[in-house]
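[1] This is a predicted model, with the sequence first.
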Amino acid sequence: MAQQPIRNIGIIAHIDAGKTTATERFLYYSHKEHRIGEVDEGSATMDWMPEEQARGITITAAATTIYWRDHRINIIDTPGHVDFTSEVERSLRVLDGAVGVFCGTAGVQAQSETVWRQAIAYGVPCIVFVNKLDRVGSDYFRVLESIRRRLGAQPVAMQIPMGREKDFEGVVDLIRRRAVRFDEASLGETVLESEVPPELSEAVDAYRTRLIEVAAEHDDELMERYIEGAEVSEQVIRRAIRKGTLRRRITPCFCGAALRNKGIQPLLDAICDYLPAPEDIPEVVGRHPKTGKEIRRPTTVAAPMSGLCFKTVTDRHGDLVYVRVYSGTLRSGVQVLNSRTLRKDRAQNIYLMHANHREKIEAAAAGNIVAVVGFRETSTGDTICEPSAQIALEPPHFPETVVSMAIEPVSIADRQRLLESLEKLSREDPTFRQREDRDTGQIVVSGMGELHLEIIKERLLREFRVAANVGTPRVAYRQTILRSAEGESVFDRQLGGRTQFARVRVRVAPAPGAELARSEVRSELRKEKVPLEFHPAILDAVQGALESGGDLGLPLLQIRVTVIDGEFRPGESTAVAFAAAAAGAFADALSRAGSVVLEPVMRFEILLPEEYYGAVSLDLGKRRSTIREVDLEGHLRVIRGTVPLSEVFGYTGTLRSLTQGRGMISLEPESYQPVGEEVAERFRF
């Protein structure tokens, strides 16, 4: 029996563009839900966390499955706030296609660019839904031009709107030349079709011709018939549009007003028609976990099982690990191999997820996204596979944290509970990190922004019931080195009545291209110098020293550490001795390399009415900012540039004051850069 056609898609956008509102309509019109959940009322199915309902924003990527036109559509509704960009990153890593939602008034916004870049990085084809066309100042064609100019895409109008702003009443399907309206009495469920209004016929012909010209570049039959002036069938046009979309050469664009229940059903049709099925990605590329040799595996049920774990959710019954199955079939109760640890793990139960609700299934075939309970050592970024057919897939990549705060238990008895809770949160969220300050003994947690840490704090109090005192968020400064250097350490001591000996030499070198990436540890140590059994102890010790912070007590960034030499003595060398020598060699190399303090620099976008531009630009000039671009989008002035995070901590309040509450700012981490002399002085002891 043939498998039901599948679409694995994500809904991506800037915050407040209407992603979750559109997803709630997907659930209603596909009869997955019998009511329409609303974000503003805190009743959205996909925003199930109390923190999401209270704020009216998406914080965690939520998965669900719907059925439309005999297709099974696995949907991940992703956050739009930059503090939770890791949720978008790991979702796009495993998705086949995406729907980019854009506000009809604001167009391409800061986080729109970020999620679009993430989609490009993972080769994910996209279609566009221009939302909120019922709002004052909305302009569908201006948004399409903004997509072309700022995202470098080739947007193709598949529809044009009927009416503007409060008079927006529906869309015209350009392929079929039909006017499509949505009955308000049935909450948009009843779709009404009619002839194109006469006043739009000229525009429909022009945009339809443009659509066919672009599509013809991707299909020989369509090109031939277009040149001959022959009539072209709807099927041929759709086939050509699909080809161009899968190649990421064109971006089909649709429009509507999700809150008013307009334009959703044609968007669901477009997901089925134009976004890729799992079989459109013919093979998955990975490496052998032991040899590093490239492996290409067909994405079919007949191939050996492989899957990527992309999300972990802590639960009182055990971690819930989300898995994209790329090949073969994942079955409950069967042992699989973790390619990172090279240990076996067991998928005890497999579930289809609907937000936070589960539907138990016995098996998941290639192309499916499911959640697994029962893994003990497997979490985000790990590959699972058949023990006899090993493969390691590329994990998602996550940025470095930019904001930190101190947290301490109310009593000594609460300390262990706090540490356990923080460990669970860090397993769940790859951009949340914790460490102990070696000078103060305080626990320091780090995240992507003030809101991110605020949510962590609320979850500790509500979900984990941990009594703790939390400090105010502060900038997460980092440290790097000025130059390459080598260091050596010899461990030669009497311990436990026997001599323990080891010598290790390491080299440290700047890796500025890493920007927000973490440092890396490599080995050039030959087994003739040091037996292979001691290599893990050496590398683990160097990694531990690297993570513990440099001479300034700050985490180290943009450094490449290479273990280059060592000395072994039979009967005297031990793993403990090599670990101590490795840590000493790293400290020696670090002191020779010199250090510099780094601060997070943010990319910003500010939207404000024209009359406040002067006051805001003057204020930005006092904050070490660099303005890269100033645009006029409709009636709003848009300022884009970079600024150190320390200069715009809590800037939302300042901006509101300068613009009488009418300005908005979006911040996104761009890089870590050396601090100025006045800031560096604070770190000198």
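    Ah, there it is. On a predicted model such as this, the values are computed, not experimentally measured, just so you know.

[2] Kindly export stretch 271-283 (C-alpha atoms) in PDB.
    Only the C-alpha atoms of stretch 271-283 are listed here, as PDB (Å, rounded to 0.1, in the frame of the first residue of the first chain):
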ATOM      1  CA  ILE A 271       1.500  23.700   0.700                       C
ATOM      2  CA  CYS A 272       0.300  20.500  -1.000                       C
ATOM      3  CA  ASP A 273       1.000  21.700  -4.600                       C
ATOM      4  CA  TYR A 274       4.400  23.500  -4.300                       C
ATOM      5  CA  LEU A 275       6.300  22.500  -1.200                       C
ATOM      6  CA  PRO A 276       8.500  19.300  -1.300                       C
ATOM      7  CA  ALA A 277       7.600  15.900  -0.100                       C
ATOM      8  CA  PRO A 278      10.300  13.800   1.700                       C
ATOM      9  CA  GLU A 279      10.900  11.900  -1.500                       C
ATOM     10  CA  ASP A 280      11.900  15.100  -3.300                       C
ATOM     11  CA  ILE A 281      15.000  15.000  -1.100                       C
ATOM     12  CA  PRO A 282      16.500  11.800  -2.700                       C
ATOM     13  CA  GLU A 283      19.200  11.200  -0.200                       C
END
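
[3] Please identify the buried residues of that stretch?
    Neighbour counts over stretch 271-283 (16 or more other C-beta atoms under 10 Å) mark I271, D273, Y274, L275, P276, A277, P278 as buried. To be clear about C-beta, it is placed using only N, CA and C from the backbone, and glycine gets the same treatment.

[4] What is the nearest of the residues you listed to R624?
    Nearest to R624 out of those is L275 (C-beta to C-beta; 43.1 Å).

[5] Please name the bridge partners of the residue lying closest to that closest one once chain neighbours are set aside.
    Computed as C-beta to C-beta, 6 or more residues apart in numbering, the closest residue to L275 that is not its neighbour in sequence is G97, at 3.3 Å. Going by DSSP bridges, G97 is paired in beta bridges with I9.

[6] Now do the contacts for G97.
    R7, N8, I9, G10, V124, P125, C126, I127, I271, L275, P276 (C-beta atoms under 8 Å, 6 or more residues apart in numbering).

[7] now those as JSON lines including pLDDT, secondary structure and distance to A502?
    As requested, the contacts of G97 are exported to JSON lines (pLDDT from 0 to 100; DSSP: H, G, I helix; E, B strand; the rest coil; distance: C-beta to C-beta, whole Å):
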{"residue": "R7", "pLDDT": "95", "secondary structure": "strand", "distance to A502": "56"}
{"residue": "N8", "pLDDT": "94", "secondary structure": "strand", "distance to A502": "50"}
{"residue": "I9", "pLDDT": "95", "secondary structure": "strand", "distance to A502": "53"}
{"residue": "G10", "pLDDT": "93", "secondary structure": "strand", "distance to A502": "49"}
{"residue": "V124", "pLDDT": "95", "secondary structure": "coil", "distance to A502": "48"}
{"residue": "P125", "pLDDT": "96", "secondary structure": "coil", "distance to A502": "53"}
{"residue": "C126", "pLDDT": "97", "secondary structure": "strand", "distance to A502": "54"}
{"residue": "I127", "pLDDT": "97", "secondary structure": "strand", "distance to A502": "59"}
{"residue": "I271", "pLDDT": "97", "secondary structure": "helix", "distance to A502": "59"}
{"residue": "L275", "pLDDT": "97", "secondary structure": "coil", "distance to A502": "56"}
{"residue": "P276", "pLDDT": "95", "secondary structure": "coil", "distance to A502": "53"}
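
[8] quick check, nearest of these to R682?
    Among these, and counting by C-beta to C-beta, the member closest to R682 is G10, at 42.0 Å.

[9] Three-state assignment for T209, please.
    helix (DSSP: H, G, I helix; E, B strand; the rest coil).

[10] Next, work out how far apart it and L174 are.
    For T209, the distance to L174 equals 9 Å [C-beta to C-beta, to the nearest Å].

[11] the more surrounded of these two?
    Neighbours were counted for T209 and for L174 using other C-beta atoms under 10 Å; L174 has more, 24 against 12.

[12] pLDDT score assigned to the more buried one?
    For L174, the pLDDT comes out at 97.

[13] Next, the contact list for it, please.
    Taking C-beta under 8 Å, 6+ apart, one finds A157, M158, Q159, I160, V204, Y207, R208, L211 in contact with L174.

[14] can you do 6 Å?
    L174 makes contacts with M158, Y207, R208, L211, as judged by C-beta atoms under 6 Å, 6 or more residues apart in numbering.

[15] Check what pLDDT the residue lying closest to it once chain neighbours are set aside gets.
    Nearest residue to L174, sequence neighbours excluded (C-beta to C-beta, 6+ apart): R208, at 4.5 Å. With respect to pLDDT, R208 scores 95.

[16] R208: how many residues sit nearby?
    That count, for R208 with other C-beta under 10 Å as the rule, works out to 20.

[17] could you measure it against A587, distance?
    Distance from R208 to A587, by C-beta to C-beta: 69 Å.

[18] go on, E89?
    34 Å.

[19] same check, this time on E420
    Taken as C-beta to C-beta, the span from E420 to A587 is 31 Å.

[20] who has more neighbours, these two?
    Higher neighbour count among E420 and A587: A587, with 17 against 12, using other C-beta under 10 Å.

[21] Quick check: phi and psi at that one.
    Main-chain dihedrals, A587, degrees, to the nearest 10: phi -60, psi -40.

[22] low-confidence ranges in the stretch 351-500 of the chain?
    Counting by pLDDT under 70, the stretch 351-500 of the chain shows low-confidence ranges at 438-441.

[23] hmm, 80 instead?
    Low-confidence segments of the stretch 351-500 of the chain (pLDDT under 80): 355-356, 399-400, 411-413, 436-442, 467, 495-497.

[24] can you give me the strands in it?
    357-361, 363-365, 369-373, 383-385, 392-393, 403-409, 433-436, 443-447, 468-470, 474-475, 478-481, 485-495, 498-510 (DSSP state E, counting those that start in this stretch).

[25] what's the distance between stretch 258-276 and the middle of its chain?
    23 Å (C-alpha atoms, centre = their mean, to the nearest Å).

[26] Please apply the same query to stretch 672-685.
    31 Å.

[27] Can you tell me how far the residue nearest to L174 is from R474?
    From R208 to R474 the distance is 56 Å (C-beta to C-beta).

[28] so what's A406 up against?
    Contacts of A406 (C-beta under 6 Å, 6+ apart): Q442, V444, G471.

[29] try 10 Å
    Applying C-beta atoms under 10 Å, 6 or more residues apart in numbering, we find A406 in contact with D437, T440, Q442, I443, V444, V445, N469, V470, G471, T472, P473, R474.

[30] Measure how buried the fourth one is and give me the count.
    Meaning I443. 19.

[31] Is it in contact with I407, as I believe?
    Yes: counting by C-beta atoms under 10 Å, I443 does reach I407; the two are 5.2 Å apart.

[32] tell me, what's touching those two both at once?
    L418, L422, Q434, A468.

[33] what's the third one in contact with, if anything?
    Just to be clear, that refers to Q434. Q434 neighbours (C-beta under 10 Å, 6+ apart): 404, 407, 418-419, 422-423, 425-426, 443-446, 456.

[34] Is L620 part of a helix or strand, or is it coil?
    helix.

[35] so what's it up against?
    By C-beta under 10 Å, 6+ apart, the contact set of L620 is F604, I606, T626, I627, I639, G641, V643, E647, V648, Y651, L655.

[36] try 8 Å
    I627, I639, G641, V643.

[37] As CSV, the residues you listed with secondary structure and pLDDT would be great.
    Output for the contacts of L620, formatted as CSV (DSSP: H, G, I helix; E, B strand; the rest coil; pLDDT from 0 to 100):
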residue, secondary structure, pLDDT
I627, strand, 93
I639, strand, 92
G641, strand, 94
V643, strand, 93
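
[38] Can I get the residues you listed in JSON lines including neighbour count and distance to L259?
    Converted to JSON lines, the contacts of L620 look like this (neighbours: other C-beta atoms under 10 Å; distance: C-beta to C-beta, whole Å):
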{"residue": "I627", "neighbour count": "15", "distance to L259": "34"}
{"residue": "I639", "neighbour count": "21", "distance to L259": "29"}
{"residue": "G641", "neighbour count": "17", "distance to L259": "32"}
{"residue": "V643", "neighbour count": "21", "distance to L259": "34"}
